Structures are given as C-alpha cells and as structure tokens.
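**Q** Below is the structure, and that's it, no one-letter string:
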C-alpha cells in the first residue's frame, strides 16, 4: 500500500488496496474547508446531490447523522435499476465520521468506513476514507465493481458544489 506524502496533492481520487488487511483507502483533496466537507457528508439534502455515479438519482429514506444514528438511501437511473444502501453512524464529529455500509444486494456483507477531513492550511481539505471489508474477496470485488466511477463522479460533484456556493 502506498501512503500519502505530506506534499502530495490529490486532485483526483487515489484508490488503493491495503496489502495487509481487507481495506480500501481513498484520498482526495478539495478546495473547501473541513466544515464544508463534513456538511456534504452529514446533511441529507447535500449528500443526495453528490453521492454516486453521474446520472444516478439518490433518494434519502432514513437519515440521522448523529452518534449511534442510522441511514438508508436508494440510488437509481430512472429505469429498472434501483439499489438500496444502509448503515449506522457510530461516530459523527467535525473531523471524523465512522459508519457501517451495506449494499442491500449483499445484506450479509458489512464494511466499516472511516472518513476524516484534514485541514491542509491553504483553504484546502484532504479527505481520507477507509473501508474495512469482511474479507479480501469482498474488498477485491468492490475494486472490480467499477466503484472508482461513482467515487470520482461524486467528488467532482462536490467540487462543483464548492465552486457554486452550494456548500
């Protein structure tokens, strides 16, 4: 696994598999504050505007972004394809969110996710997300799924939201 370098910039998502545990790391820098990125991840109306691949609409079904809260949403392309996701918020603080993540298509597979927001000191924030999967097989399946499309499209939407003042 490659680790971040203090002077590195992540204008596109860097997605890497951990070699020692079944974990995925994602790094991405944004031209915004940690507070703005925190809002994008905890305000359900904002979250629905950016999460997932372009062209997929998100509907929030349940959302309580507090310690011990829960969430559930659906994502679809307007046609026959609708996917449901759910989880529990364990820790919600301005610099860190810890939650579970389950795609309801594989309801017995749960990942533990941690997202941190690091102030880089130049009106930029580094997001570091980890997803600890139940097995290397699950992790590798995520990586083969095309998840990078949803990650990059979603983060590009956050960039636009920061630029237009939505965040």
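**A** Perfect, thanks for sending it. As the structure is a prediction and not an experimental result, all values here were calculated from the model. Numbers count the residues shown, from 1 in each chain.

**Q** so where do the strands sit in this structure?
**A** Ranges of strands in the chain, per DSSP state E, are 14-17, 23-30, 57-63, 70-76, 82-93, 96-103, 111-119, 125-132.

**Q** Strand 57-63 and the longest helix along the chain, what's the angle between them?
**A** Ranked by residue count, the top helix of the chain under DSSP state H comes out as helix 147-164. Using axes from the mean of the first three to the mean of the last three C-alpha atoms, to 10 degrees, the inter-axis angle of helix 147-164 relative to strand 57-63 is 90 degrees.

**Q** what about this structure, any weak spots by pLDDT?
**A** Residues of the chain that meet the criterion pLDDT under 70 lie in 1-7.

**Q** repeat that with 90
**A** Applying pLDDT under 90 to the chain picks out residues 1-9, 77-81, 105-109, 122, 145-146.

**Q** Verify the stated contact: residue 38 with residue 116.
**A** No: here residue 38 lies out of contact with residue 116, judged by C-beta atoms under 8 Å, at a distance of 10.2 Å. Backbone N, C-alpha and C define where each C-beta goes, glycine included.

**Q** Between the two, which contacts overlap?
**A** residue 95 (C-beta atoms under 8 Å, 6 or more residues apart in numbering).

**Q** sorry, back to before: and the strands of the chain: which comes nearest residue 162?
**A** Taking C-beta to C-beta, strand 23-30 is the member of the strands of the chain nearest to residue 162, at 6.3 Å.

**Q** picking up where we left off before, could you dump the strands of the chain into CSV with mean neighbour count added?
**A** Below are these laid out as CSV (neighbours: other C-beta atoms under 10 Å):
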stretch, mean neighbour count
strand 14-17, 16
strand 23-30, 20
strand 57-63, 14
strand 70-76, 17
strand 82-93, 16
strand 96-103, 18
strand 111-119, 18
strand 125-132, 19
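
**Q** Could you measure from residue 20 over to residue 157?
**A** According to C-beta to C-beta, to the nearest Å, residue 20 stands 32 Å off from residue 157.

**Q** before we move on, what about residue 52?
**A** Look at residue 52 and residue 157: by C-beta to C-beta, they are 9 Å apart.

**Q** re earlier: export the strands of the chain to CSV and append columns for distance to residue 43.
**A** As requested, the strands of the chain are arranged in CSV below (distance: least, C-beta to C-beta, whole Å):
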stretch, distance to residue 43
strand 14-17, 25
strand 23-30, 16
strand 57-63, 9
strand 70-76, 12
strand 82-93, 12
strand 96-103, 12
strand 111-119, 14
strand 125-132, 16
